[in-house]
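J.: Here's a sequence, model it:
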Amino acid sequence: MITRVTGAALRAFLMALLVALPSLILSDVNADTTQIVVLVALLAFIMTFIEYNSQYPSIIEFRYASPFNRLRFAALFMSITLLSIICAAKTEPTALSAMLSSIGIAWGDVLDFPFSPVRLVVLMMPEYASDELLTSVRTAAGLSYMISIAALFIFVTLVRLLGWPTRNRAFNVWINLPLFDPTAGGDVVQRLKRDAGLNIVLGILLPFLIPAVVKATSSFIDPLSLQNPQTLIWTMTAWAFLPTSMIMRGIAMGRIAELIEEKRNRAYSSTEQANMQTA
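T.: Presented below is the predicted three-dimensional model:
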């Protein structure tokens, strides 16, 4: 029990720190924004602590299939941290922020090719946007997208080469997928494969669809709001992280479907061998 409470408290603290990180790094944060950030961080702390302090998960998937959630959190934390440091360089430049800005600009230029997600993010900005704002958007989009791609590559390596999630422990499907109802009807394997394919397709399309939707609804959603550093940080991180998270979830569910199918085949083979021996 002590271990569970300690682990839940640590995870809750890290989630609260993640929410507050941009406000802690940026210098020009007004009082109203600080109050909102403190409230959201407190809510994140309470919700994370309740979830991980309970013996059985209620919302978070793959809780006992590390490092799925750890990898996603690490990618999110790194993206928020690096973008915050780069945005803080506009008012308080340092050697570290200058180096990270150079890396971000380089990645933004590399990924800013025709029909790429980064190019679409830049094109969603209005024609009268300043060159400085376009550079900031390109840098943030390129860096966050690169981090997301790296996290996805690491997870695929864990699944295909290191045998996730059954390398070190047994995998319980119903505990790690608390939102998946096995009694909803239909074959479980087919439903998992269908959900896996849907998540992967949506994850691939979202980086292209989101800029198009923002551009089409520019009368309701003002892209110039990205001039605010915190808006830029969270928007670009969400734009890159959410699709990657969906692809990772799709890959994970596909992997679980494979494991269930393999277990079924072994059970059928054992039954057939037993019947042959009996006959």
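
J.: which residue sits closest to L232, ignoring its sequence neighbours?
T.: Distance criterion CB to CB, 6 or more residues apart in numbering; nearest residue to L232, sequence neighbours excluded, is L226 at 4.6 Å. Heads up, the C-betas are built off the backbone N, CA and C, glycines and all.

J.: repeat for Y145
T.: Closest to Y145 by CB to CB, 6+ apart is A240, at 4.6 Å.

J.: M78 reaches S144, doesn't it?
T.: No. Counting by CB atoms under 8 Å, M78 stays clear of S144, with 9.3 Å between them.

J.: who has more neighbours, those two?
T.: Counted by other CB atoms under 10 Å, M78 and S144 do not tie: S144 has more neighbours, with 31 against 17.

J.: Next one: that one from A8, what distance?
T.: S144 sits 28 Å away from A8, going by CB to CB, to the nearest Å.

J.: How about stretch 70-86, which residues are buried there?
T.: Buried residues in stretch 70-86, counting neighbours by 16 or more other CB atoms under 10 Å, are found at 71-73, 75-86.

J.: ok, now stretch 36-54?
T.: Residues of stretch 36-54 classed as buried by neighbour count (16+ other CB under 10 Å): V37, A41, A44, F45, T48, F49, E51, Y52, N53.

J.: And stretch 152-160, by the same measure?
T.: Neighbour-count burial for stretch 152-160 flags L152, F155, L158, V159 (criterion: 16+ other CB under 10 Å).

J.: Which residue ranges of the stretch 1-150 of the chain form helices?
T.: In the stretch 1-150 of the chain, the segments counted as helices under DSSP state H, counting those that start in this stretch are 2-25, 31-53, 68-88, 95-111, 117-123, 131-160.

J.: Out of those helices, which gets the lowest mean score?
T.: Ranked on mean pLDDT, the bottom entry among those is helix 95-111, at a mean of 86.

J.: top helix in this structure by residue count?
T.: helix 229-278 (DSSP state H).

J.: by contact count, what packs against that one?
T.: helix 2-25, helix 68-88, helix 131-160, helix 173-176, helix 188-216 (3 or more CB pairs under 8 Å, 6 or more residues apart in numbering; DSSP states H and E).

J.: any chance of those in TSV, plus distance to R255?
T.: Formatted as TSV, the helices and strands packed on helix 229-278 follow (distance: least, CB to CB, whole Å):
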stretch	distance to R255
helix 2-25	24
helix 68-88	10
helix 131-160	5
helix 173-176	11
helix 188-216	8
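
J.: Ok, which of those comes nearest P182?
T.: helix 188-216 (5.5 Å; CB to CB).

J.: what helices or strands is the closest one leaning on?
T.: Judged by 3+ CB pairs under 8 Å, 6+ apart, helix 188-216 is in contact with helix 117-123, helix 229-278.

J.: Give me the angle between it and helix 131-160.
T.: 170 degrees (axes from the mean of the first three to the mean of the last three CA atoms, to 10 degrees).

J.: Could I get the average pLDDT for helix 188-216?
T.: For helix 188-216, the mean per-residue pLDDT is 91.

J.: Lovely, talk soon.
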